[in-house]
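In: sequence and predicted structure are below.
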Amino acid sequence: EGQSAEQLLICDPYAVFYLTGKLITPGERFLGLLLQKGRTPILYVNELFRFDKDLGVVKKYYSDTDDVTKLVSPDLDPSLPLAVDKTMAARFLLPLMEAGAASFFLNGSLAVDLTRSVKDEQEKAALRKASLVNDAAMDEFKKLIREGVTELEVADQMLAIYKKLGASGYSFDPIVAFGDNAADPHHSPDNTVLKEGDAVLFDVGCVVDNYCSDMTRTFYYKKYPSKEVERVYDLVRRANEEAEAMIKPGVPICSVDRKARDIISEGGYGPDFTHRLGHFIGLQDHEFGDVSTTNFRLEEEGIAHSVEPGIYHPGIAGVRIEDLIIVTKDGCEVLNHYPKDIEVIG
């Protein structure tokens with residue numbers, strides 16, 4: 001209603017799951033949930049994904065040879081605008097536009113995105129559970145670190161550990177970075193061999209009860225870091241903890257990023273903090289909403305997001321420390337309990 005649209009077509013599988021409780025991953029095929037004022041929702045789904053459960057919607061199945069435009073158009077009011085979400089593929093949207101299926105088309109993603117960004121009690125419980133598993137997994141991952149091991153050898157063992165601890169899988173592919181690779185914020189594990197004195201950065205997450213976790217910790221192998229690396233580490237830890245300390249309802253999200261960024265800048269490493277402070281999280285690891293200098297939304301009870309400052313200076317240090325938080329009535333709950341002290345392993 002806030003977008004002046006009486007019909008909304010949702011194609012994002014996770015948004016459909018959020019609204020119906022049924023997760024369908026259609027691949028390249030069309031999946032759509034049509035919401036219209038005063039009418040029963042309609043779910044369009046390929047025959048390959050037929051199911052019996054009653055979701056409180058009208059189910060309309062189609063085959064691979066059916067025309068999606070002819071499937072959906074009869075249910076639309078061409079005299080009204082149609083809101084669609086940001087994930088609707090152009091190959092489905094453009095034919096609807098060409099057919100005049102609505103008076104005009106607009107991006108209706110915010111209708112679902114803003115709702116999903118504020119977690120209810122069941123969602124909060126799932127996020128806590130996933131982060132507790134991630135804390136336990138971090139302890140296990142450290143045990144994989146030994147002389148001569150490669151990043152890939154470590155990463156390849158992580159999924160089994162997660163599943164043993166009760167997770168259903170990764171929330172994203174794990175980042176394992178040794179030495180100077182830790183100064184690459186999104187390094188992909190490779191055949192780099194661990195050596196004494198290396199940083200060991202784990203950015204890892206899992207899915208438990210359909211909800212995601214995400215945490216980063218930076219360790220050191222066999223040798224305490226140099227004074228400058230220690231200073232870098234302390235800057236990142238301060239940025240993480242002081243940003244978390246200011247989070248409460250009513251605080252502009254952009255000011256949380258600014259707090260962390262100012263600490264790192266005042267420490268002389270501002271240009272080496274190369275990304276936003278965080279991202280929203282829930283059914284997906286990265287959901288709509290971020291913690292950046294351009295997000296002027298106010299923190300709100302129930303919002304869940306990461307706080308992950310980092311300094312990435314090749315030849316000196318690569319450090320990131322990341323927690324997840326849930327905004328509470330008068331502050332925030334930090335979901336990760338794994339220590340943030342400098343830790344030498346191996």
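Out: Structure received.
In: ok, residues contacting the biggest helix by length in the chain?
Out: Determined from DSSP state H, the single longest helix within the chain is helix 121-142. Around helix 121-142, the neighbours that count as contacts under C-beta atoms under 8 Å, 6 or more residues apart in numbering are 119, 154, 158, 161-162, 165-167, 171, 202, 204-215, 217, 219, 281-282, 302, 304, 324, 326, 335-338, 345. In short, each C-beta sits where N, CA and C put it, glycine included.
In: immediately after it, which helix or strand?
Out: helix 151-155 (DSSP states H and E).
In: show me what that next one is packed against.
Out: Here helix 151-155 is seen to pack against strand 175-178 when contacts are counted using 3 or more C-beta pairs under 8 Å, 6 or more residues apart in numbering; DSSP states H and E.
In: now do the spatially closest residue to Val251 that is not a sequence neighbour, the pLDDT please.
Out: Residue nearest to Val251 in three dimensions, not counting chain neighbours: Glu299, with 4.7 Å by C-beta to C-beta, 6 or more residues apart in numbering. In this model, Glu299 is scored at 98, pLDDT.
In: so what's Asp198 up against?
Out: With contact set as C-beta under 8 Å, 6+ apart, Asp198 has these partners: 178-179, 220-221.
In: quick check: of the residues you listed, which has the highest neighbour count?
Out: Neighbour counts for the contacts of Asp198, by other C-beta atoms under 10 Å, peak at Phe178, which reaches 24 neighbours.
In: ok, now how distant is that residue from Val236?
Out: For Phe178, the distance to Val236 (C-beta to C-beta, to the nearest Å) stands at 18 Å.
In: tell me the SS of the residue sitting furthest away from the middle of the chain?
Out: Computed with C-alpha atoms, centre = their mean, the residue of the chain farthest from its C-alpha average is Ser79, at 37.4 Å. Using DSSP: H, G, I helix; E, B strand; the rest coil, the secondary structure recorded for Ser79 is coil.
In: okay, now the domains of the protein?
Out: Using automatic domain parsing, the domain parsing of the chain gives 7-116, 121-345.
In: ranking the ones you listed by burial, who's on top?
Out: Among those, judged by mean count of other C-beta atoms under 10 Å, the one packed with the most neighbours on average is domain 121-345 (a mean of 19).
In: how long is that domain from one end to the other?
Out: For domain 121-345, the separation between the terminal residues is 37 Å (C-alpha to C-alpha, to the nearest Å).
In: kindly report the same for stretch 162-177.
Out: Stretch 162-177 has an end-to-end distance of 19 Å (C-alpha to C-alpha).
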